[in-house]
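Enquirer: Sequence below, structure please.
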Amino acid sequence: MAGATASGEQGWSSRTAFILAAVGAAVGLGNIWRFPTLAGENGGGAFVLVYIAFVVLLGLPLVLSEILLGRTGGSDAIGSMRNVAEQSGRSKRWGALGALQITAGFLILSFYSVVAGWVINYVFISGGDFFGALFAGDPFSVAFNGETQDQITGRMGDLFADPMRLIILHVLFMAATVGIVASGVHDGIEKAAKWLMPAFFVLLIIITIYGAFTGNFAEAVAFMFTPDFSKITPIVLNEALGQALFSLSLAAGGLLTYGAYVSKDVNLAPTAGLIALADTSVAILAGLMIFPIVFAVGLDPAGGPALIFQTLPVAFNVMPGGALVGMVFFILIFFAALTSSISLLEGPTAWTMDRFGWGRKKAALIVGMVAWLIGVACALGYNMWSDVRLLGFWNIFAETDILDTLDGFTGKIMLPLGALFVAIFVGWRADANVVKAQSGLSGGMFILWRFLVAWAAPVAVSLVLIFGLLPGLLGE
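Expert: Numbering: from 1, shown residues only. Presented below is the predicted three-dimensional model:
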């Protein structure tokens, strides 16, 4: 079933392979870290309900749009946009949309690798705890045995203060990502997805079952699925929509590039539906995995970004089998981070191959090295360059370090802009016959999809942009 891009790059061997790779691109730290954090901070059930609605009404139509553009264009992200624009009688300048996407993905990769390095750090720590307990004859002991809560939470501060350790961890993760992408679509990306995604789901289910039996599962379910509609505010709506876009890996170049490797005989509409369903299911399961543990030990579900790296380790310190579960938990997050980083690197790698005629190994290595260098600056932003403010002149970034500035700039500006222009192009500029033939939709379903892409998505994504930039525009 394998297709091929205009440059001759071999495509996916099967529809299943594509789905696993695309789900891997979407499932990442956004599901395991960001979703529970936002759900905890925004009232639980109300946020979850709005998030699911946005995934169905806006996220899914845009996922189909990006995959469709990739397969129709049959090239890297920039080349695909130019090709579809030409087929539709539009300016090739629409290739700039592809450039925006792969640039966003490249910048995200640079700091994403640093954050994934934190995960590796905790894999080593929790693995040391478990194997130490195993050799001591107590494999089901708690994690961080003998450490106080302050010592456990202080581990992140110790890591941030150690630039060499941050950089080494960053090297390890980027090397793994480059190695997989350099091996090709079949032998690298596809094989990684076939092994990592099933392993990821098995580990996710295991820890969710653990939380159900040892944690406060009933309170977690009530928190996540009992909506308090009084908590639905414009901010909650904006956060839920932003998470829907971020979680599905939209506008980062990955889906657009992966779409180019999809054979013409694959029906894209149900395939896109499976990708969105799997991604959303992971986010919901992540909440059901984390919140029972949080509630069982009386911790705050609105713990914010510290939830994964500081709050949960405290929970593993007091729960039975915490050493083993902690190790499995951080391995799970590592798998999720790796499958996402692969798609972030594949976009600019594919473009570099097409633009300069480089081989895949050379392209992946050079792109990865440049991203790694930017990531080094992000790592140093926590210590040696802690006073550096890349966009200090802008109010919303005046107090953020290098990593948080890149995160905010890509998340609040580049990704929403990319999604907005995809909606405008597919909904208004692309030839209707071209997109209809590729979408796999007909009749009323095609009309509904085109309406959501052309009208609902631009309005909603514009609101994400406005709310993301409003504090800076108002000087707040």
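Enquirer: Look up how far L312 lies from M156.
Expert: Distance, M156 to L312, by CB to CB, to the nearest Å: 12 Å. Using the backbone N, CA and C atoms, a C-beta is placed for each residue, glycine as well.
Enquirer: Hmm, A251 and L245 touching each other?
Expert: Yes. Look at L245 against A251 with CB atoms under 8 Å: they come within range, at 7.0 Å.
Enquirer: which residues are common contacts for those two?
Expert: Residues touching both L245 and A251 (CB atoms under 8 Å, 6 or more residues apart in numbering) are L415, P416, A419.
Enquirer: hey, where'd the helices end up in the stretch 51-200 of the chain?
Expert: Ranges of helices in the stretch 51-200 of the chain, per DSSP state H, counting those that start in this stretch, are 60-73, 77-87, 95-135, 149-160, 163-182, 191-214.
Enquirer: looking at this protein, which helix or strand is least sure?
Expert: Here the helix or strand of the chain ranked lowest by mean pLDDT, DSSP states H and E is helix 306, holding a mean of 69.
Enquirer: Nearest residue to P270 in space, please, no chain neighbours.
Expert: Leaving aside its sequence neighbours, P270 sits nearest to G440 (CB to CB, 6 or more residues apart in numbering; 7.2 Å).
Enquirer: can you tell me which residues contact that neighbour?
Expert: G440 touches N267, L268, A269, P270, counting by CB under 8 Å, 6+ apart.
Enquirer: returning to what we had before: quick one, which of the helices of the stretch 51-200 of the chain is packed in tightest?
Expert: helix 60-73 (a mean of 27; mean count of other CB atoms under 10 Å).
Enquirer: Please work out the angle formed by the directions of that one and helix 77-87.
Expert: 80 degrees (axes from the mean of the first three to the mean of the last three CA atoms, to 10 degrees).
Enquirer: from what I can see I32 touches L285, true?
Expert: No. I32 lies out of contact with L285 (CB under 8 Å); the separation is 9.5 Å.
Enquirer: These two: which is more packed in?
Expert: Legend: neighbour count by other CB atoms under 10 Å for I32 and L285, higher for I32 (27 against 17).
Enquirer: residues in contact with stretch 92-109?
Expert: Taking CB under 8 Å, 6+ apart as the rule, stretch 92-109 contacts 76-82, 84-86, 177, 251-254, 256-257, 341, 343-345, 347-348, 351, 367, 371, 374, 406-407, 409-410, 414-415, 417-418, 421-422, 425, 429.
Enquirer: Among these, name the buried ones.
Expert: 76-82, 84-85, 177, 251-254, 256-257, 341, 343-345, 347-348, 351, 367, 371, 374, 406-407, 409-410, 414-415, 417-418, 421-422, 425 (16 or more other CB atoms under 10 Å).
Enquirer: Show the contacting residues for G127.
Expert: G127 touches M327, counting by CB under 8 Å, 6+ apart.
Enquirer: let's have the chain start at 34 instead
Expert: With 34 as the first residue, the last one maps to G160.
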